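Visitor: This is the structure alone, sequence omitted:
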């Protein structure tokens, strides 16, 4: 048959040992290849990450108002100003409250979604997509939908319509800080945006747990459900959980978009980046103080990340399990 | 098999194709769809920044004026209002800074050399400008911006709603609070002053007989009258009669037009829109007296055109500013009265603008002249933020007004020391 003939013709030649002569071009030099592929990235990193960090460090020691090329050295004055500024210190408290809310809730919700989706037998891909899709949404767009449609303070806002069915008065979710309903708005927006992404990480980790472990546990009399989850699933997810918590914590430190768009120019609910933007970088154009605040924040993030990694065993590998 | 798969695509030819596509992309970027206004200029390119006005047709109008100018190609960047200040300030530090931009007069921009001296182009027509506008743009005898429009801001109210509730037009803050209570029904709130209340901060201070800074550039807002006013505003905020969490801010008249409130603080620019939505069922009144010793007030806001002193084409930019905002009176009147309503800063234009001579527009002009307060060039962005924090902390969050003002004093004094020594 012609098919067989074609197959015979297409059969690959037997493997041969490579000739000993030096290779040229892309495959010739590993060093060249390394720089070829990492070079553009490293250049980008240097220009857009390290240079601004160093420039910011330099600016933080100068009186830099309305300019980023200052000439008046002021030593640690900007640092003293930022560290004695109630608003900046208060923003760190806001971050702590926010992180205390958002890190555990996102962790729990992502894990819960991953467990649910992992057990699904039908429409698994559909539900994975549904939960993951919000990750693709812009924080700004989501914030505006939350602000103007779902949590609008007027009678036709979605939430006010719902609570109105139960005879509850309209609530100004974002305009009035007493009681602080704005946290509900911010936390739900971020949960919606982030949970799907972390769900995927947990899903990948869940699928890496060997089925034999569950079989062995069942033979030993372990009950399926909570007991199995607590003694097998959760310990097996330790490395992923640590990474997820680390990422969530850093993301919480970097929170800006939803706070900026949901709470325009309030004095509450300002995480550090929003505070730095308003007080130093944005309209006031005090780049010296802003840079000092940014340096303080960077040091804090590094310290917290290292501490968290130390306590939770991030990077210790399999032996830490 | 497709023709493509038959081709012998070597690595070199792939690179060549990729380079060709990159070059084609670069050439495409040089094409017509680059945001240029298409003017027949002499080769000088000028860029101007405008915040996005809410009134339909404004962007097209600005582009039309730019296109009519034949000595330069003038590009317009129309920037969303919320992002305007941050984008402007950030861009002014870069090589992509605009040659011209609209903003409010602020001394910090002059001290830092960000705006050019425009005295030579304004001087010949100085007497035709509103003297208060000239004063608010002058530092050490030099004029640093050309006022394009004056925007008085006051309360707009639904006549029928006030009549139905048997409420008179308020002249004091206490009366305004009572009116808000009487006008609040199941579906309509009595009063809307914006979600953050920022626009009523200065009017409340002026209506308390105080000011932001005095003639010696010292704090003038920290007075017993202002403290009393803040306490009243707090009472109003917690009364349940204030519209909070509206979808649009107070510069947009939608809340009044859609029947969400009976009285709304807004600007004269909204008049055509309100007239269209409500017919003649509306009127205007100034911010009422905060305390008995105070006086009703109106904030005479507005926008001015500035030239970037560090730009590449300062002279060409000044020439364009002179052409558009000094010589072209027809465009200036069009800009002030064909979209939203604004008061032209040129006396000759303001007097001949027929649209401002009758009805509520004429009343707006009267309030502007009788109760108006203009921008203080020494009152900078950082100081504005300090008083916004006072309102956030005391009116919306129940902090002691005295303590909040003390905190603002620290921030404002820090600014004053840096600016004036």
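Guide: Everything's here; your move. All values derive from a computational prediction rather than experimental measurement.

Visitor: any chance you could map the helices in the stretch 1-150 of chain B?
Guide: With helices called from DSSP state H, counting those that start in this stretch, the stretch 1-150 of chain B shows them at B:3-6, B:11-29, B:58-68, B:81-91, B:107-111, B:119-122, B:131-135.

Visitor: Could you pull up the mean pLDDT of the first one?
Guide: In this model, helix B:3-6 carries a mean pLDDT of 37.

Visitor: any idea whether the residue in chain B positioned nearest to chain A is helix, strand or coil?
Guide: The minimum distance from chain B to chain A, using Cβ to the nearest Cβ, falls at residue B:245 (1.5 Å). (C-beta placed from N, C-alpha, C; glycine too.) Assigned with DSSP: H, G, I helix; E, B strand; the rest coil, residue B:245 falls in the coil class.

Visitor: Contacts only, for the residue of the stretch 1-150 of chain A found nearest chain B.
Guide: For the stretch 1-150 of chain A and chain B, the shortest gap (Cβ to the nearest Cβ) falls at residue A:66, measuring 3.5 Å. Contact analysis of residue A:66 by Cβ atoms under 8 Å, 6 or more residues apart in numbering or on different chains lists A:285, B:108, B:109, B:111, B:112, B:114.

Visitor: Report pLDDT for it.
Guide: For residue A:66, the pLDDT comes out at 85.

Visitor: cool, and residue B:146?
Guide: 97.

Visitor: ok, now how distant is the nearest residue to it once chain neighbours are set aside from residue A:86?
Guide: Excluding its sequence neighbours, the residue lying closest to residue B:146 (Cβ to Cβ, 6 or more residues apart in numbering or on different chains) is residue B:325, at 4.5 Å. Residue B:325 sits at a distance of 43 Å from residue A:86 (criterion: Cβ to Cβ, to the nearest Å).

Visitor: And the residue lying closest to the residue of chain B closest to chain A once chain neighbours are set aside, how close does it get to residue B:356?
Guide: Nearest residue to residue B:245 in three dimensions, chain neighbours excluded: residue A:153, at 1.5 Å (Cβ to Cβ, 6+ apart). In this view, residue A:153 and residue B:356 are 35 Å apart by Cβ to Cβ.

Visitor: what's the average pLDDT for the longest helix along chain A?
Guide: Secondary structure of chain A per DSSP state H: the longest helix is helix A:86-119. Mean per-residue pLDDT for helix A:86-119: 92.

Visitor: Now do the buried residues in the next helix or strand after that helix.
Guide: Downstream of helix A:86-119, the next assigned helix or strand under DSSP states H and E is helix A:124-132. Using 16 or more other Cβ atoms under 10 Å in any protein chain shown as the test for burial, helix A:124-132 gives A:128, A:131, A:132.

Visitor: Ok, stretch B:370-386 next?
Guide: Result for stretch B:370-386 [16+ other Cβ under 10 Å]: buried residues B:371-386.

Visitor: and if you look at stretch A:78-98?
Guide: A:78, A:79, A:81, A:82, A:85, A:87, A:88, A:91, A:94, A:95, A:98.

Visitor: one step back: list the contacts of the residue of chain B closest to chain A.
Guide: A:151-154, A:157, A:170-176, B:195.

Visitor: now, among those, which is nearest to residue A:212?
Guide: Nearest to residue A:212, judged by Cβ to Cβ, of those is residue A:151 at 48.0 Å.

Visitor: which residues touch the closest one?
Guide: Per Cβ under 8 Å, 6+ apart, neighbours of residue A:151: A:157, A:158, A:159, A:173, A:174, A:181, A:184, A:185, B:245.

Visitor: Closest one of these to residue B:313?
Guide: The closest of these, once distances to residue B:313 are taken by Cβ to Cβ, is residue A:174, at 43.6 Å.

Visitor: Looks like that closest one contacts residue A:150 (just checking).
Guide: No: using Cβ atoms under 8 Å, residue A:174 is not in contact with residue A:150; the gap is 10.9 Å.

Visitor: Between those two, which has more neighbouring residues?
Guide: Here residue A:174 and residue A:150 are compared on neighbour count by other Cβ atoms under 10 Å in any protein chain shown; more neighbours surround residue A:174, at 24 against 17.

Visitor: burial of the closest residue to that one other than its chain neighbours, as a residue count?
Guide: Among residues not flanking residue A:174 along the chain, residue A:182 sits closest, at 5.3 Å (Cβ to Cβ, 6+ apart). Applying other Cβ under 10 Å, we find 21 other residues in the vicinity of residue A:182.

Visitor: Just the closest residue of the stretch 151-300 of chain A to chain B, please.
Guide: Counting by Cβ to the nearest Cβ, the stretch 151-300 of chain A gets nearest chain B through residue A:153, at 1.5 Å.

Visitor: who touches that residue in this structure?
Guide: A:160, A:170, A:171, A:172, A:173, A:174, A:175, B:195, B:243, B:244, B:245, B:246.

Visitor: Show me which pair in those is furthest apart.
Guide: Checking the contacts of residue A:153 with Cβ to Cβ, the most distant pair is A:160 and B:195, at 14.8 Å.

Visitor: The two - which one has more neighbours?
Guide: Per other Cβ under 10 Å, whichever of residue A:160 and residue B:195 has more neighbours is residue B:195, with 25 against 21.

Visitor: those helices in the stretch 201-321 of chain A, which residues are they?
Guide: Using DSSP H, counting those that start in this stretch, helices in the stretch 201-321 of chain A cover A:211-219, A:226-228, A:234-236, A:238-253, A:257-262, A:272-276, A:287-312.

Visitor: list the buried ones in the third one?
Guide: If you call a residue buried by 16+ other Cβ under 10 Å, then helix A:234-236 has these buried ones: residue A:236.

Visitor: separation between the residue nearest the centre of chain A and residue A:219?
Guide: Relative to the mean C-alpha position of chain A, the nearest C-alpha, by Cα atoms, centre = their mean, is the one of residue A:251, at 3.9 Å. Relative to residue A:219, residue A:251 is positioned 41 Å away (Cβ to Cβ).

Visitor: okay if I get the contacts of residue A:151 as CSV plus distance to residue B:414, pLDDT and secondary structure?
Guide: Converted to CSV, the contacts of residue A:151 look like this (distance: Cβ to Cβ, whole Å; pLDDT from 0 to 100; DSSP: H, G, I helix; E, B strand; the rest coil):
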residue, distance to residue B:414, pLDDT, secondary structure
A:157, 40, 91, coil
A:158, 43, 95, helix
A:159, 41, 96, helix
A:173, 34, 94, coil
A:174, 30, 93, coil
A:181, 34, 95, coil
A:184, 36, 94, helix
A:185, 33, 96, helix
B:245, 33, 90, coil
